[in-house]
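Undergrad: Please work out how this folds:
(one chain, ligands or ions: 2)
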Amino acid sequence: MKIKNICCIGAGYVGGPTMAVIAQKCPEINVTVVDLNEKRIAAWNDDNVENIPIYEPGLSEVVKDARGRNLFFSTDVDAAIDKAEMIFISVNTPTKTYGIGKGMAADLKWIELCARQIARVATTDKIVIEKSTLPVRTAAALKDILDHTGNGVKYQILSNPEFLAEGTAVEDLHAPDRVLIGGDRETAEGKTAMQALVDVYAHWLPKERILTTNVWSSELSKLTANAFLAQRVSSINAMSELCEHTGADVNEISKAIGMDSRIGSKFLKASVGFGGSCFQKDILNLVYIAKSFGLNEVADYWEQVIIMNDYQKRRFAANIVKTLFNTVSGKKIAFLGWAFKKDTNDTRESAAIYVADYLLNEQAEVEVYDPKVTEEQIYADLDYLGSRSEEENRRLLKVIKDPYEVCKEAHGIAVLTEWDEFKTYDWQRIYDCMLKPAFVFDGRNLLDLQKLAKIGFSTAAVGRPI
Ligand code: NAD
Ligand code: UGA
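TA: Ligands and ions are numbered 1, 2, ... in the order given. Model prediction:
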């Protein structure tokens with residue numbers, strides 16, 4: 001089966017970059033990415049390709065290659081569904097904020113809306129692909145909706161979870177460790193659908209990297225992968241506190257254990273805590289699923305990863321207060337970074353938000369510099385917590401466009417994101433304009449502490465001897 005038209009519902013961090021790369025690599029397939037959010041679609045269509053709504057290294061080049069040729073962004077969801085033989089669902093699946101499973105389960109409202117819209121609009125057979133991260137067995141619910149509310153059209157449902165990480169999305173999509181496709185291997189129709197998707201990826205990936213499994217394994221592999229990755233961060237962060245009490249250095253520990261090939265060296269960087277839209281959401285979802293089967297020990301095991309992460313963020317903030325002579329009231333704390341990691345403008349669940357909230361509760365005055373995050377986004381993140389009024393957030397926290405200005409007359413600097421440019425600053429100049437003693441709290445183990453100490457800074461970093 002040859003695919004000529006692909007539709008992707010959801011033009012976000014996953015839908016945008018994944019479809020741009022599919023369009024780039026498969027010039028004979030028309031790829032239309034649709035979204036309800038008109039502003040987002042307008043930004044994807046902006047004449048200046050640098051204004052696309054997601055900042056990812058290399059993404060604007062990919063979009064430039066394919067946009068208008070075989071890559072289209074549109075708000076006409078019905079038309080794109082109708083035309084496509086293959087439909088990716090790449091909408092958001094956040095943690096539920098109401099009702100049963102509030103604060104734990106994934107909210108599948110948007111997924112179900114997509115299924116109902118496909119069922120209403122489709123007049124030809126479709127392959128429907130779960131690209132969003134979903135609870136295991138969601139495909140059964142999708143099938144139920146599609147088979148019972150459609151107009152006799154046949155559907156094949158595949159799971160094709162996305163493993164890209166933000167900041168390296170294009171790299172990850174061009175050369176993924178593996179692509180995972182779950183489908184119905186028991187029927188000829190199921191096999192044909194899976195092969196059609198394998199053929200799309202085979203345009204640029206060797207066959208060995210394209211893994212096929214049953215649907216449930218594929219759905220659950222995605223939650224498992226994120227749980228394992230987050231667990232590594234929480235594990236090394238747990239050790240970081242022990243390091244601070246014993247004189248061991250967490251960087252040296254990461255190196256020492258990472259050289260054991262059974263452990264591996266990646267994802268062992270101690271930090272102020274992991275953020276991002278998915279780790280917490282997916283683990284909470286996993287915990288909820290385990291509990292719903294009565295698997296309480298399994299649920300408790302994974303929940304500990306989140307508990308440790310929340311603790312790490314609080315601990316970092318509390319250490320700032322303690323170090324600044326037990327009070328930050330009326331003191332200026334400069335934040336370098338607000339994004340949840342470098343090379344992205346995404347701030348979802350960023351540790352910076354929670355550290356700022358903690359310090360504002362202690363009546364600190366926080367000033368933030370981030371090279372890619374907008375002022376509007378920073379205030380939206382804080383307001384969302386509902387800790388204080390919007391006016392108060394704007395009074396207590398300022399967003400500054402210049403890194404030297406943000407550090408001027410600060411009592412302390414907190415490094416919350418590992419942006420490379422922070423390493424290249426003139427730290428003598430920064431020291432000279434700060435109040436003394438001048439403190440640096442490196443939440444990313446990014447800066448050369450010895451160099452800073454020589455200049456005169458008092459330094460603290462996660463998991464390093466104090
Ligand atoms: P996102 O919020 O950036 O994008 C989702 C988009 O879907 C939004 O623009 C929204 O307007 C649109 N949408 C929602 N309902 C719609 C509907 N009915 N019709 C049309 N458009 C609709 O989310 P994201 O970060 O791209 O994540 C999407 C999914 O991918 C989630 O399940 C997430 O867990 C998963 N995922 C994300 C990442 C990541 O790095 N962000 C990586 C792997 C997997
Ligand atoms: C993560 C996974 O890495 C992707 O494979 C997955 O597709 C994605 O979640 C998802 O499902 O959304 P992402 O959240 O974009 O990707 O970024 P990561 O590089 O995983 O970083 C997550 C957080 O952990 C960041 O805040 C990062 O700073 C932190 N981290 C990561 C550490 O603190 N230490 C590390 O060693 C690694």
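Undergrad: Just confirm Arg120 contacts Thr149, I think it does.
TA: Yes. In this structure, Arg120 is within contact of Thr149 by C-beta atoms under 8 Å, at 7.3 Å. For every residue, glycine as well, the C-beta is placed using N, CA and C.
Undergrad: Count the neighbours of the closest residue to Asp402 other than its chain neighbours for me.
TA: Nearest residue to Asp402 in three dimensions, chain neighbours excluded: Tyr369, at 7.0 Å (C-beta to C-beta, 6 or more residues apart in numbering). For Tyr369, the neighbour count with other C-beta atoms under 10 Å is 23.
Undergrad: And Tyr369, its phi and psi?
TA: With angles defined as degrees, to the nearest 10, Tyr369 sits at phi -120, psi 130.
Undergrad: List, one by one, the residues from the stretch 51-200 of the chain near ligand 1.
TA: 77, 90-93, 110, 113-114, 132-133, 162, 164, 166 (C-beta under 6 Å from any ligand atom).
Undergrad: filter those to the buried ones?
TA: The neighbour count (16 or more other C-beta atoms under 10 Å) marks Val77, Ser90, Val91, Asn92, Thr93, Trp110, Cys114, Ser132, Thr133, Glu162, Leu164, Glu166 as buried among these.
Undergrad: In contact with the spatially closest residue to Leu449 that is not a sequence neighbour, which residues?
TA: Leaving aside its chain neighbours, Leu449 sits nearest to Thr459 (4.7 Å; criterion: C-beta to C-beta, 6+ apart). If a contact means C-beta atoms under 8 Å, 6 or more residues apart in numbering, then Thr459 has Phe439, Val440, Phe441, Asp442, Leu447, Leu449, Leu452, Ala453 as its contacts.
Undergrad: Pretty sure Thr459 sits in a strand.
TA: Yes. Counting by DSSP: H, G, I helix; E, B strand; the rest coil, Thr459 is part of a strand.
Undergrad: Tell me how far it lies from Val440.
TA: 5 Å (C-beta to C-beta, to the nearest Å).
Undergrad: joint contacts of those two?
TA: Common contacts of Thr459 and Val440 (C-beta under 8 Å, 6+ apart): Leu447, Leu452.
Undergrad: how about the helix or strand bottoming out on mean pLDDT in the chain as CSV, C-alpha atoms only?
TA: Ranked by mean pLDDT, DSSP states H and E, the weakest helix or strand in the chain is helix 138-149, scoring a mean of 92. Extracted in CSV, the C-alpha atoms of helix 138-149 (Å, rounded to 0.1, in the frame of the first residue of the first chain):
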residue,chain,number,x,y,z
THR,A,138,-6.0,3.3,24.6
ALA,A,139,-6.0,1.8,21.1
ALA,A,140,-8.9,-0.4,22.2
ALA,A,141,-11.0,2.7,23.1
LEU,A,142,-10.1,4.4,19.8
LYS,A,143,-11.1,1.4,17.9
ASP,A,144,-14.4,1.3,19.7
ILE,A,145,-15.2,4.9,18.8
LEU,A,146,-14.1,4.6,15.2
ASP,A,147,-15.9,1.3,14.6
HIS,A,148,-19.2,2.3,16.1
THR,A,149,-19.7,5.9,15.1
